[in-house]
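# Please find the sequence and the predicted model below.
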Amino acid sequence: MKQIKIMNWILEVDVERTRDFYEVYHQITQGCDCLFCKNFVAAAEQLPHEVIEFFHSLGIDPTKEGEVSEYCENADGTHLYGCFYHIVGRLISGPDCWTKTDEEISHLTGNMLEISGFTFGFTYGVSLLPDDFPRPAVQLEVQGNVPWVLKENP
């Protein structure tokens, strides 16, 4: 594992083990066949180059493993998505990108890395980690606007 600093976060990550996991894991659409997930996978190659490079620098294939949610359609026809992915490693220090509003509600903080219109943050919590994902694991939270590329409309 190597230690890296991203904004105010210090992480210990194993990019090779992360990449090895994503190479053999199934696409998001194998677990969900809704149009929003299908669109996200189809549009992934059209994400800004800097966004794809950031994913790859951590060993992540954005079409695989993570949780993907579509929130709304924007006036320009793009769709706001929220996603999270796992990385082999741990968050050593830095603020959690989630804050609790009350007992049942949390929201992303303003402490997020912005890359080409996408925001990225790290959290101490880990959700929906696949049983065969290597441990320890840290979770990357992502939000961004994605074009609608499918012929079918939602």
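Sure, I can see it.
# Neighbours of Ile87, how many?
Residues contacting Ile87 under the criterion other Cβ atoms under 10 Å number 27. Quick note: C-beta positions are derived from backbone N, CA and C, even for glycine.
# scratch that, Asp102
Neighbour count of Asp102, defined by other Cβ under 10 Å: 6.
# ok, now Cys32?
Residues near Cys32, counting by other Cβ under 10 Å, number 14.
# so what's it up against?
Val68 (Cβ atoms under 8 Å, 6 or more residues apart in numbering).
# and what of the one 10 residues further on?
For Ala42, the contacting residues are 149-150, by Cβ under 8 Å, 6+ apart.
# That one and Pro62, how far apart?
Here the criterion is Cβ to Cβ, to the nearest Å. By it, Ala42 lies 12 Å from Pro62.
# Also Thr99?
Distance from Thr99 to Pro62, by Cβ to Cβ: 25 Å.
# Can you tell me the element Leu11 falls in?
Assigning secondary structure by DSSP states H and E places Leu11 in strand 9-13.
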